[in-house]
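Enquirer: Would you be able to build a 3D model of this:
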Amino acid sequence: MKRALLILAMLQWGAGALAQQTTPPPPAAPRQVTVPQPSERTLANGLRVIVVQKAGVPLVAARLLIKTGGEADPPQRAGLAEMTASLLTKGTTTKTAEQIARGVEALGATMESSAAWDSSSVSLSALSSNMPQAMSYVADIVRNPTFKDDEIERLRDQNIDALHVALQDPATLASFVANAITFGGAPYGHNLGGTPESLQKIGRADIVAFHERWYRPDNALLVLTGDVAPDTAFGLADALFGTWKRPDTALPAAEAASGTPSAPRVVVIDMPDAGQAAVVVTRQGIRRVDPAYTAAIVANAVLGSGYSSRLNQEIRIKRGLSYGAGSAFDLRRDVGPFKASAQTKNESAPDVALIIIDELNRMVATAVPEAELTPRKAVLIGGFGRSLETSAGLANRIATLALYGLSLDEINKYISGVQSVTAEDVQKFAGAHLAGGEASIVIVGDASKFLPALNQHFPKVDLIPVSELDLNSATLRKAK
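Expert: Numbers count the residues shown, from 1 in each chain. Have a look, this model is predicted:
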């Protein structure tokens with residue numbers, strides 16, 4: 001009997017203790033991150049070289065950045081920057097694509113090339129003892145690509161096939177349409193990877209011209225992080241890139257990529273066979289160098305970044321309308337987009353759109369409570385710390401700062417900057433950059449199941465049957 005009473009008492013105590021812990025404890029004070037002071041030199045040809053020595057693990061990460069990407073795609077040639085970057089590893093004047101792949105693999109290294117909106121890059125990770133040999137492959141593919149016709153045709157076919165598949169996905173299609181609505185005919189208005197039609201127009205001459213125009217040492221920077229001494233890295237960079245000739249012509253000036261913000265629209269792409277609808281609320285955001293950068297990332301952490309963000313709480317957890325909802329600022333050289341999105345049943349697409357707009361407006365109307373703001377900051381700080389755990393993550397952070405002309409010491413000020421953002425800062429930022437009335441709405445799905453309900457809230461809806469959609473046209477409609 002005594003034992004039974006003792007067990008009962010313990011169970012009652014445990015239940016009481018659990019009841020008292022329904023509210024998670026507040027996050028602990030963040031630990032400051034201190035990244036070693038970068039060393040840098042600029043070679044005679046204009047190539048900027050940045051080195052961050054981080055001993056302990058015998059690995060080195062390198063990132064060679066060309067400071068031009070998809071923003072420079074010519075009209076009707078969307079996807080040119082991405083194709084050019086992807087073809088770098090497909091053969092040089094001295095090595096075939098297979099020889100490059102086998103050579104890098106034999107060194108236990110990884111190498112890949114790609115393009116973003118504001119840059120094209122080659123990323124490399126290797127053992128520090130193999131770094132000189134591995135870096136020779138980077139120099140070769142950047143300086144001596146051959147862009148063979150058979151490799152171009154193979155990549156084009158692969159990319160077009162992938163696009164045909166992607167365009168059957170409501171979420172992907174909604175994102176493409178959102179770009180066009182947010183930026184119109186400006187460079188940021190197209191899809192970074194192009195369209196099936198634009199890729200068909202890209203020939204070898206376009207690729208060679210893009211490479212000759214933008215791949216030059218005075219438009220590039222090289223970042224090396226990890227187990228490498230600065231003097232060793234500078235010597236290696238000079239040996240591999242010092243003879244890379246800077247053209248006699250001046251570097252072309254990049255045009256404004258974001259254009260003038262367009263008036264808000266509600267656009268529905270009718271896809272009758274869609275099993276669900278994709279909802280995107282979009283508007284122009286801010287530049288990466290905007291002084292409000294830190295307020296922006298904190299505001300978005302509250303609104304739509306992570307499981308506990310407001311959008312996911314309201315759309316998924318409280319109402320069960322989606323498996324997940326979120327938002328993000330795509331921070332670029334010029335003003336990039338802000339997008340909030342979710343996928344849902346066709347019938348509930350109007351509800352999700354209204355919830356997103358309401359949450360944007362709530363960010364403007366009321367200050368975020370400190371009990372909510374503090375843990376959202378902790379999420380940002382934790383993610384930042386994890387991003388610096390690898391040499392590759394550190395190289396990416398440093399390269400991004402250098403790309404946008406920011407102080408490299410900003411990496412050591414990130415945590416204190418996030419911590420200093422107040423609820424008033426967030427509300428002020430939201431008032432300037434998140435008001436729902438200035439955002440456009442894109443819904444891709446079976447319009448017959450939600451259009452009447454949507455019209456009750458938005459009488460002026462631009463309905464485009466998917467069969468009439470043209471992502472290469474400023475009107476988004478095929479010419480009749």
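Enquirer: Can you give me the neighbour number for the closest residue in space to Leu463 that isn't next to it in sequence?
Expert: Nearest residue to Leu463, sequence neighbours excluded (CB to CB, 6 or more residues apart in numbering): Val268, at 5.0 Å. To be clear about C-beta, it is placed using only N, CA and C from the backbone, and glycine gets the same treatment. As a burial measure, Val268 scores 24 neighbours (other CB atoms under 10 Å).
Enquirer: For Ala186, which residues are in contact?
Expert: Ala256, Ala257, Ser258, Gly259, Thr260 (CB atoms under 8 Å, 6 or more residues apart in numbering).
Enquirer: Farthest pair within the residues you listed?
Expert: Spanning the widest gap among these are Ala257 and Thr260, at 12.0 Å by CB to CB.
Enquirer: and those two? which has more neighbours close in?
Expert: A direct count of neighbours by other CB under 10 Å for Ala257 and Thr260 places Ala257 higher, at 21 against 9.
Enquirer: contacting residues around that one?
Expert: Here Ala257 is in contact with Glu71, Trp117, Phe183, Ala186, Pro187, Tyr188, Arg332, Arg333, Asp334 (CB under 8 Å, 6+ apart).
Enquirer: Apply 10 Å and report the result again.
Expert: Residues in contact with Ala257, defined by CB atoms under 10 Å, 6 or more residues apart in numbering, are 69-72, 117-118, 183, 186-189, 332-336.
Enquirer: and those, which two are the farthest apart?
Expert: Of all pairs in the contacts of Ala257, the most separated under CB to CB is Ala72 and Val335 at 16.7 Å.
Enquirer: Now list the buried members of the contacts of Ala257.
Expert: Among the contacts of Ala257, the ones that count as buried by 16 or more other CB atoms under 10 Å are 69-72, 117-118, 183, 186-189, 332-336.
Enquirer: Tell me which of these fall in helices.
Expert: Judged by DSSP state H, these include Phe183 as members of helices.
Enquirer: just the strands in the stretch 351-480 of the chain please.
Expert: Ranges of strands within the stretch 351-480 of the chain are 440-445, 462-465, based on DSSP state E, counting those that start in this stretch.
Enquirer: Convert the C-alpha atoms of the host helix or strand of the residue nearest to Leu463 to PDB, please.
Expert: Using DSSP states H and E, the element containing Val268 is strand 266-270. The C-alpha coordinates for strand 266-270 follow below in PDB (Å, rounded to 0.1, in the frame of the first residue of the first chain):
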ATOM      1  CA  VAL A 266      -4.400  39.700 -58.500                       C
ATOM      2  CA  VAL A 267      -3.500  37.100 -61.200                       C
ATOM      3  CA  VAL A 268      -4.900  33.700 -61.400                       C
ATOM      4  CA  ILE A 269      -3.400  31.000 -63.700                       C
ATOM      5  CA  ASP A 270      -6.100  28.500 -64.400                       C
END
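Enquirer: Tell me which strands it pairs with, and in which orientation.
Expert: Using DSSP bridges, strand 266-270 pairs in its sheet with strand 440-445 (parallel), strand 462-465 (parallel).
Enquirer: So for it, mean pLDDT?
Expert: Regarding strand 266-270, the rounded mean pLDDT is 98.
Enquirer: same deal with stretch 48-60?
Expert: Average pLDDT, stretch 48-60: 94.
Enquirer: Please compute how far that stretch lies from its chain's middle.
Expert: Centroid separation for stretch 48-60 versus its chain: 25 Å, with CA atoms, centre = their mean, to the nearest Å.
Enquirer: Stretch 46-66 too?
Expert: Worked out by CA atoms, centre = their mean, stretch 46-66 lies 22 Å from the chain centre.
Enquirer: Quick check: what element follows the helix-or-strand element of the chain with minimal mean pLDDT along the chain?
Expert: For the chain, counting by mean pLDDT, DSSP states H and E, helix 2-20 ranks last in confidence among helices and strands (a mean of 52). Counting by DSSP H and E, the element after helix 2-20 in chain order, helix or strand, is strand 39-42.
Enquirer: Spatially nearest residue to the most centrally placed residue in the chain (excluding sequence neighbours)?
Expert: Residue closest to the average C-alpha location in the chain (CA atoms, centre = their mean): Asp330, at 5.8 Å. Leaving aside its sequence neighbours, Asp330 sits nearest to Gly336 (CB to CB, 6+ apart; 4.2 Å).
Enquirer: Relative to Ser123, how far out is the one you found?
Expert: In this view, Gly336 and Ser123 are 22 Å apart by CB to CB, to the nearest Å.
Enquirer: Ala277 now?
Expert: Distance, Ala277 to Ser123, using CB to CB: 36 Å.
Enquirer: do the same with Asp206
Expert: Asp206 is 24 Å from Ser123, where distance means CB to CB.
Enquirer: before we move on, what about Ile100?
Expert: 14 Å.
Enquirer: before we move on, what about Ile315?
Expert: For Ile315, the distance to Ser123 - CB to CB - is 35 Å.
Enquirer: So for those two, which residue has more residues nearby?
Expert: Higher neighbour count among Ile315 and Ser123: Ile315, with 27 against 20, using other CB under 10 Å.
Enquirer: Next up, phi/psi of the residue nearest to that one when sequence neighbours are not counted, please.
Expert: Spatial nearest neighbour of Ile315, excluding adjacent residues (CB to CB, 6+ apart): Ala325 at 4.0 Å. The phi/psi pair for Ala325 (degrees, to the nearest 10) reads phi -140, psi 150.
Enquirer: Could you pull up the residues touching Ala325?
Expert: Ala325 neighbours (CB under 10 Å, 6+ apart): 279, 304, 309-317, 340-344, 352, 355-356, 359.
Enquirer: Give the PyMOL command for selecting the buried subset of those.
Expert: Remark: buried members of the contacts of Ala325, expressed as a PyMOL selection using 16+ other CB under 10 Å:
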select buried, resi 279+304+309+310+311+312+314+315+316+340+341+342+343+344+352+355+356+359
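Enquirer: Just the ones of the contacts of Ala325 in helices?
Expert: Assignment to helices by DSSP H places the following of the contacts of Ala325 there: Gly304, Arg310, Leu311, Asn312, Val352, Ile355, Ile356, Glu359.
Enquirer: In terms of pLDDT, where does the fifth one sit?
Expert: In this case it means Val352. For Val352, the model assigns a pLDDT of 98.
Enquirer: Contact partners for it?
Expert: By CB under 10 Å, 6+ apart, the contact set of Val352 is 277-279, 281, 311, 314-315, 319, 321-322, 325, 340-345, 441, 443, 450.
Enquirer: and among the strands of the stretch 351-480 of the chain, the most buried is which?
Expert: strand 440-445 (a mean of 28; mean count of other CB atoms under 10 Å).
Enquirer: Run the chain-centre distance for that strand.
Expert: Relative to its chain's centre, strand 440-445 lies at 21 Å (CA atoms, centre = their mean).
Enquirer: ditto for stretch 411-420
Expert: With CA atoms, centre = their mean, you get 21 Å for stretch 411-420.
Enquirer: Appreciated, that's everything.
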